[in-house]
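Chemist: Sequence and predicted structure are below.
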Amino acid sequence: MKTQLGPSLPLLLGVAVMLSLAMGLRQSLGLFMAPATQDIGIAVAQFTLAIAVQNLGWGLLQPFAGAAASRWGFRPVLVTGVLCYLAGLAVMASAHGAFALMIGAGVLIGIALACTGSGMALAVAARPVPAALRSTVLGMVSAAGSVGALLAAPIGQVLAEGWGWRAGVWGFLVLGLAMVPAAWVAGRVDRVPIPPLAPGETPRMGVALRRAAQHPPFLVMTAAYFVCGLQLVFLTTHLPSYLALCGQDPMLSAKALGMIGGFNVLGSLFFGWAGGRWNKGALLGGIYLVRSLVLGLYFTWAPSEASTLVFAAIMGFLWLGVAPLVSGLVVEMFGLRFQAMIQGLAFMSHQFGSFLGAFGGGVLFDLNGDYVLAWKLGVGMGLAAGAVQVAYALRGARPPAAERPAPA
């Protein structure tokens with residue numbers, strides 16, 4: 001593999017480091033919810049609204065970031081995203097009200113993630129590698145996106161406990177500085193020539209968008225992706241609060257998020273490998289089904305340290321494994337030319353779900369004083385989405401080969 005990847009290795013390393021920190025810092029922001037709301041004097045729903053706006057902005061801007069990369073190149077988009085990320089952390093760390101928190105944690109980091117998150121990073125990683133290795137490489141880069149949480153969660157928790165939540169956010173900013181050179185190196189992908197048009201592939205952006213909007217397999221995948229976002233952001237935002245509500249040690253939240261990150265690595269590698277061998281759509285639906293069952297079992301009983309860590313390990317294994325599968329499906333359906341933009345459309349749906357998971361979970365908690373209704377809704381929607389995705393994949397819903405771009 002090393003020989004085949006050759007000159008692409010520095011580029012892939014750069015995008016992996018950027019994605020690792022972008023995702024790891026973002027996944028760990030929920031650690032600061034309880035101390036930040038108490039310090040600033042705002043409701044839980046106001047903090048979760050900022051996280052929800054972050055996810056919504058990320059999703060809404062992802063197709064535009066992809067289109068900008070197609071037109072002007074990846075490097076300016078990636079570097080702009082990193083600078084917005086650092087600015088967002090600085091504003092969040094200095095916030096003394098809900099509005100500043102919204103601008104920092106919500107708007108600026110949302111813009112940043114549209115430019116540096118998994119959708120953009122996997123589009124960068126897909127271009128320079130041979131088709132035979134693409135699914136495996138996407139799994140490896142997705143796995144790197146999990147490593148950041150292993151570093152960020154415990155560092156953020158230690159700083160927050162010792163010097164306050166603001167110190168934790170400033171610590172995240174220091175970690176985030178490493179994204180600047182990483183994004184610059186990843187931008188070398190602009191030197192890689194775009195593959196020639198495959199049969200059925202269009203050079204026009206508008207035509208590609210219309211085809212995506214009229215393609216049933218893509219629409220089913222996109223709808224199921226909505227529920228994926230709802231479940232994952234509900235957990236990253238509300239798990240620390242839920243554990244505190246149940247009387248657990250605050251450090252358990254950091255351990256759980258770190259455990260998710262660790263097993264995320266294994267899951268991303270496995271599903272990247274598996275996606276090159278088996279039906280990607282069926283694997284995707286299977287992840288949603290198993291994840292929902294595990295979520296339901298965990299929230300049925302009061303959490304302990306052991307049950308929380310086992311839950312985190314299983315959820316981590318099933319976490320970002322969806323990313324190489326979704327990316328691979330988009331390339332199979334539409335080719336590489338507009339992958340970042342079309343994948344951004346699917347991710348927009350994911351982020352609408354993320355908005356609902358973060359903000360809706362906070363609203364239901366403020367109304368009911370617990371998370372019972374929130375997790376039940378999440379489990380039910382996940383089971384439905386997984387069942388539809390698997391059923392559609394197994395009925396052979398992919399288009400005929402003549403209508404499908406050949407692998408680039």
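Modeler: Thanks, I have the structure now.
Chemist: Do a quick rundown of the strands in the protein.
Modeler: In the chain, no strands are defined using DSSP state E.
Chemist: Give me the longest helix you can find in it.
Modeler: Determined from DSSP state H, the single longest helix within the chain is helix 131-163.
Chemist: Quick check: mean pLDDT of it?
Modeler: Mean per-residue pLDDT for helix 131-163: 78.
Chemist: Centre of the chain to that helix, how far?
Modeler: 11 Å (CA atoms, centre = their mean, to the nearest Å).
Chemist: Give me the buried positions along it.
Modeler: The neighbour-count check on helix 131-163 (16 or more other CB atoms under 10 Å) flags 133-157, 159-161 as buried. Backbone N, C-alpha and C define where each C-beta goes, glycine included.
Chemist: name the helices or strands packed onto that helix?
Modeler: helix 2-5, helix 8-27, helix 118-126, helix 165-176, helix 250-275, helix 322-334 (3 or more CB pairs under 8 Å, 6 or more residues apart in numbering; DSSP states H and E).
Chemist: weakest of those by average pLDDT?
Modeler: Looking at the helices and strands packed on helix 131-163, the weakest mean confidence is helix 2-5, a mean of 53.
Chemist: Out of the helices and strands packed on helix 131-163, flag the one nearest I342.
Modeler: Ranking these by proximity to I342 (CB to CB) places helix 322-334 first, at 5.3 Å.
Chemist: Please save the CA atoms from the closest one in CSV.
Modeler: Extracted in CSV, the C-alpha atoms of helix 322-334 (Å, rounded to 0.1, in the frame of the first residue of the first chain):
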residue,chain,number,x,y,z
VAL,A,322,-20.4,5.6,8.6
ALA,A,323,-18.1,8.2,7.1
PRO,A,324,-16.1,5.9,4.7
LEU,A,325,-19.3,4.1,3.7
VAL,A,326,-21.1,7.3,2.8
SER,A,327,-18.1,8.7,1.0
GLY,A,328,-17.7,5.5,-0.9
LEU,A,329,-21.3,5.4,-1.9
VAL,A,330,-21.2,9.0,-3.2
VAL,A,331,-18.2,8.2,-5.3
GLU,A,332,-19.8,5.1,-6.7
MET,A,333,-23.0,7.0,-7.6
PHE,A,334,-21.5,10.3,-8.9
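Chemist: which residues of the stretch 301-408 of the chain score low on pLDDT?
Modeler: Applying pLDDT under 70 to the stretch 301-408 of the chain picks out residues 335-339, 396-408.
Chemist: now the helices: where do they sit in it?
Modeler: 305-317, 322-334, 339-355, 361-368, 372-394 (DSSP state H, counting those that start in this stretch).
Chemist: Which residues are in contact with the nearest residue to F299 once chain neighbours are set aside?
Modeler: Distance criterion CB to CB, 6 or more residues apart in numbering; nearest residue to F299, sequence neighbours excluded, is W375 at 4.2 Å. With contact taken as CB atoms under 8 Å, 6 or more residues apart in numbering, W375 is in contact with F234, L295, G296, F299.
Chemist: Find me the pLDDT at the closest residue to M381 other than its chain neighbours, would you?
Modeler: In this structure, M381 finds its nearest non-sequential neighbour in V227, 4.8 Å apart by CB to CB, 6+ apart. Note on V227: pLDDT of 87.
Chemist: Then the one 10 residues further on?
Modeler: pLDDT, the model's per-residue confidence, is 76 for T237.
Chemist: My guess is it contacts A358. True?
Modeler: Yes. Taking contacts as CB atoms under 8 Å, T237 lies within contact range of A358: 4.6 Å.
Chemist: Quick check: V82 vs S8, distance?
Modeler: 21 Å (CB to CB, to the nearest Å).
Chemist: neighbour-wise, which of these two wins?
Modeler: V82 (24 against 19; other CB atoms under 10 Å).
Chemist: got a list of what the more buried one touches?
Modeler: The contact partners of V82, by CB under 8 Å, 6+ apart, come to M18, A112, C115, T116, G176, M179, V180, A183.
Chemist: If you rank those residues by neighbours, which is first?
Modeler: M18 (36 neighbours).
Chemist: Find residues that contact each of T237 and A358.
Modeler: With CB under 8 Å, 6+ apart, T237 and A358 have common neighbours T48, I51.
Chemist: Looking at these two, which is more packed in?
Modeler: Set side by side, T237 and A358 show more neighbours around A358, with 29 against 26, by other CB under 10 Å.
Chemist: Thanks a lot, see you next time.
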